[in-house]
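> Give me the fold of what follows.
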Amino acid sequence: MAPVKVCLSRPILERYGDEIRQIAPDAALVVLDADGTYDGDPTGIEVFCFSVDLAGEGSLGQAFELLQAEGLRWVQAPGAGVELPIWSELTARGVRLTNAAGVHAEPVTQYIFTYVLHWERQVEAHRRQQADRVWEAVRSEDLSAKTIGIVGHGGIGSATARVAKAFGMRTLGLRRSAASDPNVDEWLLPDELPNLLRESDYVVLTLPLTDATRNLIGADELEAMGPRSVLINVARGGVVDHGALIGALENNTIRGATLDVVEPEPLPADSRLWELPNCIVTPHDAGYSPLAGQRLARLFVDNLGRFLAGDSLRNEIDPATPPAAGR
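Predicted coordinates for the structure are as follows:
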């Protein structure tokens, strides 16, 4: 049997080359650089790690080209969301696909609580007073008296619940079935979403985008949240009806929103969301971390050993299930 041919980025080789050679000592390696050039012959590659390192203009285009290789057997995707047509095309060809679910959980959770604290501790009010040289106490609330509702409970939801508990918050989790998580005080099912919205001071969206979740948060849901609540979306923009959200923010139906994801992306320059004082928009960068490449590389190396042994792969996408967008 010929040795497996593996294509990966140079940073992964530099960090984990010794482990890869121990797992697959006979593997033929094709090493892709940021400018799109590579060492080795990519003909007949069977395994491709499409890592977060391949974000440069040259390497990104080359990576998508290499995905067309006829002999591909397994591809590691760089994110949890696999909604792009290329991923469904791969699975339709019989290529095994694993996503990066959990890889971005820690930086996204840090992002979530950056903005929970932003809203809770009156950061904007303090900044305005500093600009005006005003010395006057600003009243802030206390997170230990607040409830956070987490809609979707994968890696990000779990990490969010853990940090929320560290702040002493009451935590509600919504998913299709209850899970074992000591940091969640109460589980709710999808049809109980209105209850979660009514009880939460912070509603955090971490669920995937599917036909069932598109525009999940609309006018009725925002009305249920009420004027004390803040919406934080780190899932996908399509989970929220942006027309309804703009109306709710303009009318102070909810307190505010922090959006790392919108639809479409980039957000058009004429969108009202840019200028609403109670809306914070960031350019889908919550998951970026200098450690992301290392986390994905560790997942890939573990899965490479499983792949060569014929075992099940972590985070493998079921081709019978429509791919969902999410982190």
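> Hmm, V230 and I254 touching each other?
Yes: with contacts counted by Cβ atoms under 8 Å, I254 reaches V230, the gap being 7.0 Å. All C-beta atoms are positioned from the backbone trio N, CA, C, and that covers glycine.
> does the residue nearest to R306 when sequence neighbours are not counted count as helix, strand or coil?
Closest residue to R306 apart from its sequence neighbours, by Cβ to Cβ, 6 or more residues apart in numbering: L313 at 5.4 Å. What DSSP: H, G, I helix; E, B strand; the rest coil gives for L313 is coil.
> For L313, give me its contacts.
74, 96, 98, 303, 306-307 (Cβ atoms under 8 Å, 6 or more residues apart in numbering).
> cool, and Y115?
Residues near Y115 by Cβ under 8 Å, 6+ apart: 230, 232, 258, 280.
> now, among these, which is nearest to E83?
Comparing these against E83 with Cβ to Cβ places I232 closest, at 20.9 Å.
> And that closest one, which helix or strand is it part of?
Of the helices and strands defined by DSSP states H and E, I232 is found in strand 230-233.
> Contacts for the helix or strand following that strand, please.
Remark: after strand 230-233, the chain's next helix or strand is helix 242-250, criterion DSSP H and E. Helix 242-250 is touched from outside by 217-219, 222-223, 231, 253-254, 256-257, 262-263, 271-273, 276, 278-279, with contacts defined as Cβ under 8 Å, 6+ apart.
> Drop anything exposed from the residues you listed.
Neighbour-count burial (16 or more other Cβ atoms under 10 Å) is assigned, among the contacts of helix 242-250, to 217, 222-223, 231, 253-254, 256-257, 262-263, 271, 273, 276, 278-279.
> In terms of residue numbering, what are the domains of the chain?
For the chain, automatic domain parsing gives the domain ranges 5-103+290-309, 105-281.
> got those domains as JSON lines, with mean pLDDT and distance to A320 columns?
Output for the domains of the chain, formatted as JSON lines (pLDDT from 0 to 100; distance: least, Cβ to Cβ, whole Å):
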{"stretch": "domain 5-103+290-309", "mean pLDDT": "92", "distance to A320": "9"}
{"stretch": "domain 105-281", "mean pLDDT": "97", "distance to A320": "14"}
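> nearest to I317, of these?
domain 5-103+290-309 (4.5 Å).
> Okay, now the closest one: how far is its last residue from its first?
15 Å (Cα to Cα, to the nearest Å).
> Then stretch 170-185?
This stretch, stretch 170-185, spans 7 Å end to end (Cα to Cα).
> Now do that stretch: distance to the chain's middle.
Relative to the centre of its chain, stretch 170-185 is centred 19 Å away, using Cα atoms, centre = their mean, to the nearest Å.
> Stretch 37-44 now?
For stretch 37-44, the distance to the chain centre is 31 Å (Cα atoms, centre = their mean).
> Quick check: buried residues in it?
For stretch 37-44, burial by neighbour count (16+ other Cβ under 10 Å) applies to Y38.
> ok, back up a step: among the contacts of helix 242-250, which are in strands?
231, 256-257, 279 (DSSP state E).
> okay, the residues you listed in JSON lines with distance to Q22 next?
As requested, these are arranged in JSON lines below (distance: Cβ to Cβ, whole Å):
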{"residue": "L231", "distance to Q22": "47"}
{"residue": "G256", "distance to Q22": "51"}
{"residue": "A257", "distance to Q22": "48"}
{"residue": "C279", "distance to Q22": "50"}
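> Looking at those, which is nearest A161?
The closest of these, once distances to A161 are taken by Cβ to Cβ, is L231, at 17.5 Å.
> Quick check, that closest one in contact with E221.
No: if you go by Cβ under 8 Å, L231 and E221 don't touch, sitting 9.2 Å apart.
> What are the contacting residues of the helix or strand containing Q130?
In the assignment (DSSP H and E), Q130 maps to helix 123-131. With contacts defined as Cβ under 8 Å, 6+ apart, helix 123-131 is touched by 117-118, 135-136, 138.
> repeat for stretch 275-288
Stretch 275-288 is contacted from outside by 79, 104, 107-108, 111-112, 115, 118, 234, 246, 249-250, 252, 255-262, 265-267, 273-274, 327, using Cβ under 8 Å, 6+ apart.
> which parts of it are buried?
Result for stretch 275-288 [16+ other Cβ under 10 Å]: buried residues 276, 278-281, 284, 286-287.
> Ok, stretch 204-214 next?
Applying a neighbour-count criterion of 16+ other Cβ under 10 Å, one finds 204-210, 213 buried in stretch 204-214.
> now, among the residues you listed, which is nearest to A28?
Once Cβ to Cβ is applied, the member of the buried residues of stretch 204-214 that ends up nearest A28 is P208, at 35.4 Å.
> So the closest one sits against R236, correct?
Yes: with contact defined as Cβ under 8 Å, P208 reaches R236; the gap is 7.3 Å.
> Could you pull out the strands in this structure for me?
Secondary structure of the chain (DSSP E): strands located at 5-9, 28-32, 38-39, 47-49, 74-76, 96-98, 147-151, 170-174, 186-188, 202-205, 230-233, 256-259, 279-281.
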